[in-house]
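Undergrad: okay, here's the prediction I keep looking at, along with the sequence it came from:
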Amino acid sequence: MRSDIDIYAVNLMKPEEEMRNDRVSEEVIGRVIRLRDVYNYMLRNPLVKDRTYVDYIESRYGVTKRTAYSDLEILHAIVGNLQQCTKEWHRWRFNNMIMEGYAIALRRQDPAAIAKLAQQYGKYNRLDKTDDLDNRLSEVPHIVFTFDVAKIGFRPIPNAFKYIDQIIKKYGGTPYEDLIEDVDFVEIADEPDKKKEDGDAGSVSE
């Protein structure tokens, strides 16, 4: 099934002549044409249940229920489930419906319908409104990167990189025992024998 989906996904929007030039089988071409029609039906009726799509495929093309469900599964895999479409999709669909009606009105040379559809299109897309400007952009602080520590209140160290090199040279990779000479320490004698303390204490009491 995964292989079938890939085949139809690649060829779903290709012209028939191009598919034949690509040596696509006539069976696949026929199904692609059917899938296109079913997809257009789904676009016109995005909120109906899958059962309605299956009935449409069965009645229009005389295929089995299994084939109809297979067609629907392929389309769901390629274009998604239209019942879960977003509001943005509905906005696009509404605009598309207006444009389709506008094209029909032009062909019929119906001035009243043309004017009404143009009005609906402008009102829905708020073409009479001025675009809102994002005035909060001026509140974003202007950030300037610098190595000058004085900018944040610290006193700069003269020749800082030279000072860093000296510190690294002095302490970098130095064994612990080499640092002893730089440490002040006090030697602590061993703790007196406990028994000796007790004995001395007894002599005093006598």
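TA: Looks like it came in fine.
Undergrad: can we go C-alpha only for contacts and neighbour counts from here?
TA: Will do.
Undergrad: how near is Arg44 to Ile157?
TA: Note on Arg44: its distance to Ile157, by CA to CA, to the nearest Å, is 73 Å.
Undergrad: give me the buried positions along whichever strand or helix holds Glu58.
TA: Following DSSP states H and E, one finds Glu58 within helix 50-61. Residues 50, 53-54, 57-58 are the ones in helix 50-61 that count as buried (16 or more other CA atoms under 10 Å).
Undergrad: cool, stretch 33-52 as well?
TA: Within stretch 33-52, the residues scored as buried using 16+ other CA under 10 Å are 33-35, 38-39, 42, 46, 50.
Undergrad: lowest-confidence entry in those residues?
TA: pLDDT across the buried residues of stretch 33-52 is lowest for Pro46, at 76.
Undergrad: from Asp71, how far out is Gly122?
TA: Taking CA to CA, one finds Gly122 at 38 Å from Asp71.
Undergrad: between those two, which is the more surrounded one?
TA: Asp71 (21 against 13; other CA atoms under 10 Å).
Undergrad: hmm, Leu35 and that one touching each other?
TA: Yes - Asp71 sits in contact with Leu35 when judged by CA atoms under 8 Å, with a separation of 6.7 Å.
Undergrad: contacts for the top helix by length along the chain, please.
TA: In the chain, with assignment by DSSP state H, the single longest helix is helix 87-108. Applying CA atoms under 8 Å, 6 or more residues apart in numbering, the contact partners of helix 87-108 are 111, 113-114, 117-118, 120-121.
Undergrad: buried stuff in it?
TA: 95, 98, 102, 105.
Undergrad: same question, stretch 64-75
TA: So for stretch 64-75, counting by 16+ other CA under 10 Å, buried means 68-69, 71-75.
Undergrad: how about the helix or strand hosting Ile29 as PDB, C-alpha atoms only?
TA: Assigned by DSSP H and E, Ile29 belongs to helix 26-44. Output in PDB follows, covering the C-alpha atoms of helix 26-44 (Å, rounded to 0.1, in the frame of the first residue of the first chain):
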ATOM      1  CA  GLU A  26      -3.000   2.800 -18.200                       C
ATOM      2  CA  GLU A  27      -4.500   1.300 -15.000                       C
ATOM      3  CA  VAL A  28      -2.600   3.800 -12.800                       C
ATOM      4  CA  ILE A  29      -3.500   6.700 -15.100                       C
ATOM      5  CA  GLY A  30      -7.200   5.700 -14.900                       C
ATOM      6  CA  ARG A  31      -7.100   5.600 -11.200                       C
ATOM      7  CA  VAL A  32      -5.200   8.900 -11.000                       C
ATOM      8  CA  ILE A  33      -8.000  10.600 -13.000                       C
ATOM      9  CA  ARG A  34     -10.600   9.000 -10.700                       C
ATOM     10  CA  LEU A  35      -8.700  10.200  -7.600                       C
ATOM     11  CA  ARG A  36      -8.600  13.700  -9.000                       C
ATOM     12  CA  ASP A  37     -12.300  13.800  -9.400                       C
ATOM     13  CA  VAL A  38     -12.800  12.400  -5.900                       C
ATOM     14  CA  TYR A  39     -10.400  15.000  -4.500                       C
ATOM     15  CA  ASN A  40     -12.400  17.800  -6.100                       C
ATOM     16  CA  TYR A  41     -15.600  16.300  -4.700                       C
ATOM     17  CA  MET A  42     -13.900  16.300  -1.300                       C
ATOM     18  CA  LEU A  43     -13.000  20.000  -1.700                       C
ATOM     19  CA  ARG A  44     -16.600  20.800  -2.500                       C
END
